[in-house]
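Undergrad: fold the following.
(2 chains)
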Amino acid sequence: MRARLRFRRPRRREPEHYPPGPLRELAAAPPAGDHTPVAAVAFLALDVETTGLDPRTDHLLSVGWVPVVGREVVLAEACEITIRPPGEVDVGPSATFHRLTDDQLAEAAPLSEVLPRLLAALRGRVLLAHHAPLELGFLAEASLAAYGARPTVTAVDTLALQQRLLPDHDREVDGVLRLDAARRAYGLPRYTAHHALTDALAAGELFLAQVAELERRLGREVRLGDLSPAHSG
Amino acid sequence: MIAMEVELAEVRDFLARHAPFDALPGAVLARLPRRCTLRYARRGTVVLDAGDHGDGLYLVRSGTVEVRDETGDLVDRAGTGGAFGMSSLLEHRPTRYRCTAVEDTLLLVLEPGAFDELCQAHPDFATFYAATHHARLSRAIHNLQRATTGSTALSTRVGDLVTRAPVTAALTATVGDAASAMSEAGVSSILVVEGDDLRGIVTDRDLRNRVLAAGLDRDRPVREIMTADPVTLTADALAFEALLEMVSRDIHHLPVVDDAGRPLGLVTTTDLVRLENANPVYLAAEIGGRSTLAGVVEEARSIPAALGQLLERDVSAADVARVATALGDAVRRRVVTLVEADLGPPPAAYSWVVLGSAAREEEGLSADQDHALVLGAAVDGAGEAWFAELAERVTTALEDAGWPRCQGGVMATNPRWRLTVEDWRRQFDRWSHEPDPDAVLHSAIFHDLRHLAGDRRLAEQVHGYSVSTASSLLLGHLSRQALSMRPPLGFFRGLVLERHGDHRDTLDIKRPISAVVQLARVHALRAGSPALSTRARLDAAAEARIIDPGTAADLLDALELMSYLRLHHQATQARLGHPPDNHVAPADLTERQRRHLKDAFEIVRSAQQHLSRHLPPGFE
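TA: Okay, here's the model as predicted:
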């Protein structure tokens, strides 16, 4: 068991490999291990709105998050922050999705102030997102730019989870993996999409439904390892 | 950096759409989401069990939860916006109910501290949950009583359930004769008799199992396949006893006999099921529990039967009208909710309002659709299309459910009646200050306006304004309209005697009823009261000394009598399969009823004369 766990997380960096600061503090507070029951794992449902899909050239415009702990979405700790993009960057055509305007963003905080808060919120928690590679990519690029290293993060992707939970023949159907379509499959209410906190909340609720479904299929309590967590950093 | 106020708009808007949260101030509402958690329960999960200490007020965000008492009887069913767990919070003791998700369910759990604070700061909030809690408790007690003594519905005597003389076959008849007799009479069982004595019973099941499956010849005597000496009940047995007999013996037909053992008829399981389903409380729960439009429409078809039962029990017309409105509201609200869920989030806040008799909570058996929309903000073309689609789908579903479309087009499908609060205000101003005949008619309809679904405050803003803006000019016109509905003088040789000496062979009972409704509306407006029901309006007018309290009481008595006769007339028509109308034949009334009606007409006439003496200048 121990050997297998080591194999699964080969690139995990020790805290002392990071310079003092948010990344070292994050690495010093790793989330629970793969064998932990989901009810005992702390998650942070996260969604970002951006100017585009490429973390290397596009910019974060807002982040929204809400913790999922003990199979409950904890609204008291919900948070949403808009981010002022650097210099002369404007939101361009992406505004049609997230409806954030240049004027709103001019009032917002710069990424350098937002990133430490996000990293602090992730301490001891597993990142949860619908199509997590996007959130992870932007998080890694931002950390590289600010601190010269990628953060240590464990992540669960509700989109990948939905792909596994769907019957084979349904996977081909266009759009069934989209957040709202996945939610409808569990009878969850419809939300307005492309708003960071709402989407984070939507992913958190979807996750609760997915865990309930997985529990039924497995016939036992669900552990973190059942959710194919990705470890990076 | 200062932590910014996080807006959980989706959760706040959900709360704002449902009572009692819809009546909370916006600032209070905005802070509530942060005091909630969200949980998910798969279908079949027990969310809260008897003996558990609830850890908050559970609100159903989506899905359905059933609340059952210790004996497993259904106490309540909470759909989207419904709540449970309040008994534990209110009594500070473990809950006595088992709450099970019967659909996949998302729950919003409000922390106990927040619940207590809301109860203290907002008495209406506390009353709402105390009332829900109380209703559940009384239903649980009622269930308990039913287990021992029988519910109201099941305490019916079986003799009252027998609707026709028994279909019988002689002991000497053949199987074929018996089958033909059953087929002709359209029944599923036949009693086998010898003279006056009951010898046996043959059911569809016997024909299937003992004849067809056994390859028996149709010319064999029926005595060979009958169940001899069947279990019987006398006419004074309780329906509840019939149910027990049927369940314990797994039979579906019970002959009812008189004291001498002669068959009077038959009671079937269908009769008993119908009896129980006709109970309005169950029906309202069923309507609220349906998750498809087709399901709601199906439940709505039972409404006339449920109201018919109330009439048979001699419930007052005012109470029947209130139940009719409550059941109508259950259907309408469910339909709006389902259509909205299908269309996705609305482009603006809105209130779906009902008008006319539904708004006054005076719906009868023949109401048609009168409704409109109040929008919280102006919408663009796409938004307009969303509301048009909402209106069309809701109207079509209600039509299927038995409410005909309004002939005058006073429905939310008409873009004229989908206005913002501001536009409604302007509309009422126009009606008030430039009243032409069309305006007076509309104004009368729209002064009876009640919130049904969505954001209650929008409807209340409009209705409140409509009362405050009514000019003396408009009141004059409305008074003149109230005076135009002259009741007849009385009856003469089986005919209705009209004011000018004309005779008619039927009484249009709607006219004197409308006269009372219109008098009450005018007087309430004169008193500046936003009351909607005729009773509340007359009370308000009496309180404001606009009319004499004695006159108000007399008018209410007259209204009750006329409405009672109208309901019974329409229920009879419905039973005979005729569309309900307002034309009562004097021959169908007893001498006593005719005498009371004449008194009622006199009360209406005298109230009209009194009003005509107090018309504003220019209207004398």
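Undergrad: quick one: A:Y191 and chain B, what's the gap?
TA: 5 Å (Cβ to the nearest Cβ, to the nearest Å). Where you see a C-beta, it was placed from the backbone N, CA and C, and this is true even at glycine.
Undergrad: list the buried residues in stretch B:430-437.
TA: Neighbour-count burial for stretch B:430-437, with 16 or more other Cβ atoms under 10 Å in any protein chain shown as criterion, is recorded at B:431-432, B:435.
Undergrad: kindly report the same for stretch B:65-80.
TA: Across stretch B:65-80, burial judged by 16+ other Cβ under 10 Å covers B:65-69, B:75-80.
Undergrad: ok, now stretch A:72-79?
TA: For stretch A:72-79, a neighbour-count test (16+ other Cβ under 10 Å) marks A:72-75, A:78-79 as buried.
Undergrad: could the residues you listed go into TSV alongside distance to chain B?
TA: Converted to TSV, the buried residues of stretch A:72-79 look like this (distance: Cβ to the nearest Cβ, whole Å):
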residue	distance to chain B
A:E72	4
A:V73	4
A:V74	6
A:L75	5
A:A78	5
A:C79	6
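Undergrad: which one of the residues you listed is nearest to B:R210?
TA: A:E72 (60.2 Å; Cβ to Cβ).
Undergrad: which of the buried residues of stretch B:65-80 come close to chain A?
TA: B:T80 (Cβ under 8 Å from any Cβ of the partner chain).
Undergrad: TSV please, covering the buried residues of stretch B:65-80 and showing pLDDT.
TA: Shown next, in TSV, are the buried residues of stretch B:65-80 (pLDDT from 0 to 100):
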residue	pLDDT
B:V65	89
B:E66	86
B:V67	84
B:R68	83
B:D69	78
B:V75	71
B:D76	74
B:R77	78
B:A78	82
B:G79	82
B:T80	86
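Undergrad: what's the most distant pair in the buried residues of stretch B:65-80?
TA: In terms of Cβ to Cβ, the buried residues of stretch B:65-80 reach their longest pairwise distance at B:D69 and B:T80, which sit 23.1 Å apart.
Undergrad: which SS class is A:L44?
TA: Assigned by DSSP: H, G, I helix; E, B strand; the rest coil, the conformation of A:L44 is strand.
Undergrad: how many other residues sit next to it?
TA: 26 (other Cβ atoms under 10 Å in any protein chain shown).
Undergrad: repeat for B:D217
TA: By other Cβ under 10 Å, 9 other residues sit near B:D217.
Undergrad: what sits against the closest residue to B:R504 other than its chain neighbours?
TA: The shortest distance from B:R504 to any non-neighbouring residue, by Cβ to Cβ, 6 or more residues apart in numbering or on different chains, is to B:V496 (4.5 Å). The contact partners of B:V496, by Cβ atoms under 8 Å, 6 or more residues apart in numbering or on different chains, come to B:488, B:503-507, B:586.
Undergrad: swap in B:A9?
TA: Taking Cβ under 8 Å, 6+ apart as the contact definition, B:A9 lies against A:T198.
Undergrad: how's chain B carved up into domains?
TA: Under the assignment automatic domain parsing, the domains of chain B span B:9-149, B:158-265, B:278-469, B:477-612.
Undergrad: what residues does chain B have near chain A?
TA: B:1, B:3-4, B:6-11, B:14, B:33-42, B:45, B:61-63, B:80, B:103-106, B:109, B:341, B:344-345.
Undergrad: now, of those, which are buried?
TA: B:6, B:8-11, B:14, B:33-42, B:45, B:61-63, B:80, B:103-106, B:109.
Undergrad: near chain B, which residues of chain A?
TA: So chain A meets chain B at A:71-76, A:78-81, A:109, A:113, A:117, A:186-192, A:197-198, A:201, A:204-205, A:208-209, A:211-213, A:216 (Cβ under 8 Å from any Cβ).
Undergrad: what mean pLDDT does stretch A:45-59 have?
TA: Across stretch A:45-59, the average pLDDT comes to 92.
Undergrad: distance between the ends of it?
TA: End-to-end span of stretch A:45-59 (Cα to Cα, to the nearest Å): 20 Å.
Undergrad: all good on my end, thank you.
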